[in-house]
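Novice: let me see the structure of the following:
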Amino acid sequence: MAAPAAKQEGFYDCRDAWARTIEELAENDPRIVAVVNDSVGSSKLGGFQKKFPDRLINVGIAEQNMVGVGAGLANGGRIPFVSAASCFLTGRALEQVKADIAYAGFNVKLVGQSSGVAYGELGPTHHSIEDFAWLRPLSNITMVVPADSWETAEAVKWAAAHEGPVYIRLSRMPVPDLSVEDRKFQPGKAELVRKGSDVTIIACGTMVHLAVQAAVELEAEGISARILNMATITPLDEAAISAAASETGAIVTVEEANIHGGLGGAVAEHTSANLPVPIERMGFPGFVPTGSVEWLFDHFGLTAAGIARSARKAIGRKRG
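Specialist: I've put the predicted structure just below:
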């Protein structure tokens, strides 16, 4: 597997928060178990395995079986966290996710690791940029995309207590914790990271801190950008989107995913039917080439400068 991006000071791997939190939860709830596909290391579950060797099931490279085992454990009263690389969890095992988890409504927590283009040089087979589009129609699966380590821990805690299927999408790329006062994780509610009146940037996951940097750049030009952290794709905070459309008149969506059927698609669906405004969707247009994460982000404009550029374009369309 490709090595994770080098960690910068003040940046944190959200997988550490996930691993720490599931261990803490398991200490107090014997129903919590982990199911993996030969991914103990990449899921950072080595500590969990040492503490609870009889509560970690490694099915090997058999993702369809892995999801089925998770469904069976849930049917038996356990709370399974099924953890694997997102590209295989949501791609190879999609039929089992649909039939065994979503259709059955089982209490399974799917944890997609190393999502987006985190595997970089391993290329399109290991990129996970279609998962939003694949899972959004399975609308009873709560889809969570944490923006930082704090939100990751809160999402895992919430998922353990929630009765029903959940998909938590994690990256392996370090990100900084957001600076937001009085934070509270609320599925279905966008987090207001920064107030603004000229344009709204709606981002999720690894893109949120870049959106904040873009807002700082725009502020220097006299442009006021609202930043929304849309941590749950399903259910979507339609009220926050409507407010953004009516109050700022232009929207930019940013996701480390395919723009077709993901966050941008969901926002566009809602606004086009209710309050049409100029929207610039940022992400990947389809299969992306092999390359480092840094190169891919730069090539497709998923940088602070690129986001600021899209914000100016959206504002220009509003005025035009």
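Novice: can you give me the first-to-last residue distance of stretch 243-256?
Specialist: 24 Å (Cα to Cα, to the nearest Å).
Novice: just the mean pLDDT for it, thanks.
Specialist: Average pLDDT, stretch 243-256: 98.
Novice: for it, which positions count as buried?
Specialist: 243-245, 248-256 (16 or more other Cβ atoms under 10 Å). C-beta: built from backbone N, CA, C; applies to glycine.
Novice: if you look at those residues, which of them are in strands?
Specialist: 251-256 (DSSP state E).
Novice: now render those residues as CSV, adding distance to residue 188.
Specialist: Below are those laid out as CSV (distance: Cβ to Cβ, whole Å):
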residue, distance to residue 188
251, 19
252, 21
253, 17
254, 20
255, 18
256, 21
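Novice: closest one of the residues you listed to residue 264?
Specialist: residue 253 (3.9 Å; Cβ to Cβ).
Novice: that older thread, between all of the buried residues of stretch 243-256, which two are separated the most?
Specialist: 249 and 256 (26.0 Å).
Novice: quick check: residue 282 vs residue 8, distance?
Specialist: From residue 282 across to residue 8, the span is 22 Å (Cβ to Cβ, to the nearest Å).
Novice: repeat for residue 67
Specialist: Counting by Cβ to Cβ - residue 67 and residue 8 are separated by 35 Å.
Novice: same check, this time on residue 82
Specialist: Distance from residue 82 to residue 8, by Cβ to Cβ: 31 Å.
Novice: what helix or strand is the residue lying closest to residue 180 once chain neighbours are set aside on?
Specialist: Nearest residue to residue 180, sequence neighbours excluded (Cβ to Cβ, 6 or more residues apart in numbering): residue 193, at 5.7 Å. Taking DSSP states H and E as the definition, residue 193 sits inside strand 191-194.
Novice: buried residues in that strand?
Specialist: Buried-residue list, strand 191-194, by 16+ other Cβ under 10 Å: 191, 193-194.
Novice: hmm, back to that, among residue 67 and residue 8, which residue is more densely surrounded?
Specialist: Neighbours per residue, other Cβ atoms under 10 Å: of residue 67 and residue 8, the larger number sits with residue 67, 31 against 10.
Novice: how many neighbouring residues does the residue nearest to the more buried one when sequence neighbours are not counted have?
Specialist: Leaving aside its sequence neighbours, residue 67 sits nearest to residue 96 (Cβ to Cβ, 6+ apart; 3.9 Å). The tally of other residues near residue 96 (other Cβ under 10 Å) stands at 21.
Novice: residue 315: what's it in contact with?
Specialist: Residue 315 makes contact with 198-199, 223, 250, 278, according to Cβ atoms under 8 Å, 6 or more residues apart in numbering.
Novice: try it again at 10 Å.
Specialist: Neighbouring residues of residue 315 by Cβ atoms under 10 Å, 6 or more residues apart in numbering: 198-199, 218, 223, 225, 248-250, 252, 278, 280.
Novice: relative to residue 45, which of these is nearest.
Specialist: Nearest member of the contacts of residue 315 to residue 45, counting by Cβ to Cβ, is residue 252, at 36.2 Å.
Novice: assess the claim that the closest one and residue 302 are in contact.
Specialist: No. Contact criterion Cβ atoms under 10 Å: residue 252 and residue 302 do not qualify, at 11.7 Å.
Novice: intersection of neighbour lists for the two?
Specialist: Residues touching both residue 252 and residue 302 (Cβ under 10 Å, 6+ apart): 203, 282.
Novice: before we move on, back to that, want to throw the buried residues of stretch 243-256 into a markdown table with distance to residue 110?
Specialist: Shown next, in a markdown table, are those (distance: Cβ to Cβ, whole Å):
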| residue | distance to residue 110 |
| --- | --- |
| 243 | 31 |
| 244 | 29 |
| 245 | 31 |
| 248 | 34 |
| 249 | 37 |
| 250 | 34 |
| 251 | 29 |
| 252 | 29 |
| 253 | 23 |
| 254 | 23 |
| 255 | 18 |
| 256 | 18 |
